[in-house]
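Student: sharing a model that was predicted from the sequence below.
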Amino acid sequence: MSRSKPHLAVTLGDPAGIGPEVILKALADKSLTSKCEITLIGHRQILQQTYKKLKSISSDLAHPDDFNLLEIEQNEHLDKITPGSGNLASGAASFAYLETAITQTLAGKFHAIVTAPIAKTHWKAAGHHYPGQTELLAEKAGIKRFGMLFVAKSPQTNWTLRTLLATTHIPLSEVPTTLTPELLSLKLDLLIECLAEDFGIKNPKIAVAGLNPHSGENGQLGTEEKDWIIDWIKQQTVRYPQLQLDGPIPPDTLWVKPGQAWYNSAKNAHDAYLALYHDQGLIPVKLMAFDRAVNTTIGLPFIRTSPDHGTAFDIVGKGIADASSMKAALQFATELANQRLKNISS
């Protein structure tokens, strides 16, 4: 594989969603495509249909024939895919796209995978029972240690927000029992490794959220902090003496400093934030950076990034889908790949 430019595999996601549109819009940005090689993974027919429909209402649109395309042979359901209306057929197609990207990347064909959004319900309709793309990536890569890290750079201050989720796609009722000292240690280890390898931060400052309101208020509003989270944090500061680990910070005040860093000044902000469950981390991320946040899976033997939004079936074909997050995902994948290639050569 060539070391001159990172080679990115870009999957179409659910072909009935906005994935094809935001990909073609993002690839029209020459400042992105000049820094990497792109191979699209999906059905050419889907991309051509998207281009034909949108070219009269969107001026910034790449032509699909300008990029390499790895055509998926699974065509039996192609005629049943209707833009704006996902179903079993679109779920089967999006699963095949990602499965192919993983196989080819593990074989050394690509440095990174950039995934457009999928619909989990349509994966299930097609017989693929995974909580999301992250879990399929981890299974196919044969790893148990992985995490969902959300990264966004503020256009106001240039500060970078990094938020790792300790638990992801599980019901809220299962969060307290799923959270354990072992799980948090695994996630913290991954985060420290990622900050050092991908961001060059060797002595990070990391904030840990509390689980309960007011971080339990000494057991009055929940006992997890008092029972084990506070002790766990103390143990980690012994394990990692170079680390500044603050917490458990009450969830309603944890995001004040990141908000200030995003809009005004990065003074006193942390290098990363460890949120204990899905919405605790992603509500503030999406409030600050909905159009530019990137989801990256850490712990994989390759790079994976994705825009931080869904399939948006309701706006398919209208030409109004915002490609900012897809652009950010492509840019971040390129930057990470360049950093890792630099690490290998040094």
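Tutor: Received the coordinates, thanks.

Student: rest of the way, CA atoms for contacts and neighbours
Tutor: Fine.

Student: what is the burial count for Thr105?
Tutor: A count of nearby residues for Thr105, using other CA atoms under 10 Å, gives 21.

Student: and the gap between Tyr277 and Leu161?
Tutor: Tyr277 is 17 Å from Leu161, where distance means CA to CA, to the nearest Å.

Student: kindly report the same for Lys318.
Tutor: Distance, Lys318 to Leu161, by CA to CA: 31 Å.

Student: the two: which is more packed in?
Tutor: Taking neighbours as other CA under 10 Å, Lys318 and Leu161 compare with Leu161 leading, 23 against 14.

Student: what lines up beside the one helix or strand the more buried one maps to in the sheet?
Tutor: Element membership for Leu161, per DSSP states H and E: strand 160-165. Strands that pair with strand 160-165, judged by DSSP bridges, come out as strand 147-153 (antiparallel), strand 272-275 (parallel).

Student: so what's the gap between that strand and the chain middle?
Tutor: The chain centroid and the centroid of strand 160-165 are separated by 10 Å under CA atoms, centre = their mean, to the nearest Å.

Student: the strands paired with strand 160-165: which one's closest to Asp308?
Tutor: Checking the strands paired with strand 160-165 against Asp308 by CA to CA gives strand 147-153 as the closest, at 8.0 Å.

Student: so how far is Glu21 from the closest residue to Lys318 other than its chain neighbours?
Tutor: Take Lys318 and drop its neighbours on the chain: the residue closest to it by CA to CA, 6 or more residues apart in numbering is Leu54, 7.6 Å away. Leu54 sits at a distance of 8 Å from Glu21 (criterion: CA to CA).

Student: and for the two, which residues touch both?
Tutor: Residues within reach of Leu54 and of Glu21 at once, by CA atoms under 8 Å, 6 or more residues apart in numbering, are Gly319.

Student: comparing these two, which residue is more hemmed in?
Tutor: Glu21 (28 against 19).

Student: Trp159: neighbour count?
Tutor: For Trp159, using other CA under 10 Å, the count is 20.

Student: what residues are up against it?
Tutor: When the contact criterion is CA under 8 Å, 6+ apart, the partners of Trp159 are 153, 261-262, 266.

Student: of these, which one scores lowest on pLDDT?
Tutor: On pLDDT alone, Ala266 ranks lowest of the contacts of Trp159, at 82.

Student: what is the neighbour count of Thr103?
Tutor: Counted with other CA under 10 Å, the neighbours of Thr103 add up to 15.

Student: the one 3 residues further on now?
Tutor: For Leu106, the count of nearby residues is 16 (other CA under 10 Å).

Student: repeat for the one 5 residues further on
Tutor: By the other CA under 10 Å criterion, the neighbourhood of His111 contains 28 residues.

Student: grab the nearest non-local neighbour of it.
Tutor: Among residues not flanking His111 along the chain, His7 sits closest, at 5.4 Å (CA to CA, 6+ apart).

Student: ok, which of the strands paired with strand 160-165 comes nearest Trp228?
Tutor: That would be strand 272-275 among these, by CA to CA, at 16.2 Å.

Student: buried sites along the closest one?
Tutor: Neighbour counts over strand 272-275 (16 or more other CA atoms under 10 Å) mark 272-275 as buried.

Student: closest to Leu188 among these?
Tutor: Lowest distance from Leu188 to these (CA to CA) belongs to Leu274, with 7.9 Å.

Student: quick one, grab the pLDDT at the closest one.
Tutor: Note for Leu274: predicted pLDDT of 98.

Student: just the one 4 residues further on next, same as before
Tutor: Per-residue confidence (pLDDT) for His278: 96.

Student: and it, how many neighbours does it have?
Tutor: 19.

Student: in contact with the residue nearest to it when sequence neighbours are not counted: list those residues for me.
Tutor: Nearest residue to His278, sequence neighbours excluded (CA to CA, 6+ apart): Thr168, at 5.1 Å. With contact taken as CA under 8 Å, 6+ apart, Thr168 is in contact with 148, 277-278.

Student: same question, Trp255
Tutor: Residues in contact with Trp255, defined by CA under 8 Å, 6+ apart, are Pro284.

Student: for it, give me phi and psi.
Tutor: Main-chain dihedrals, Trp255, degrees, to the nearest 10: phi -90, psi 10.

Student: what residue ranges in this structure score low on pLDDT?
Tutor: 1-3, 346 (pLDDT under 70).

Student: which stretch of helix or strand covers the most centrally placed residue in the chain?
Tutor: What sits nearest the mean C-alpha location of the chain, by CA atoms, centre = their mean, is Asn295, with 1.4 Å. Using DSSP H and E, Asn295 falls within strand 294-298.

Student: over to Ile206. Which of the three states is it?
Tutor: Classification of Ile206 by DSSP: H, G, I helix; E, B strand; the rest coil places it in strand.

Student: show me what contacts it?
Tutor: With CA under 8 Å, 6+ apart, Ile206 has these contacts: 243-246, 270-274.
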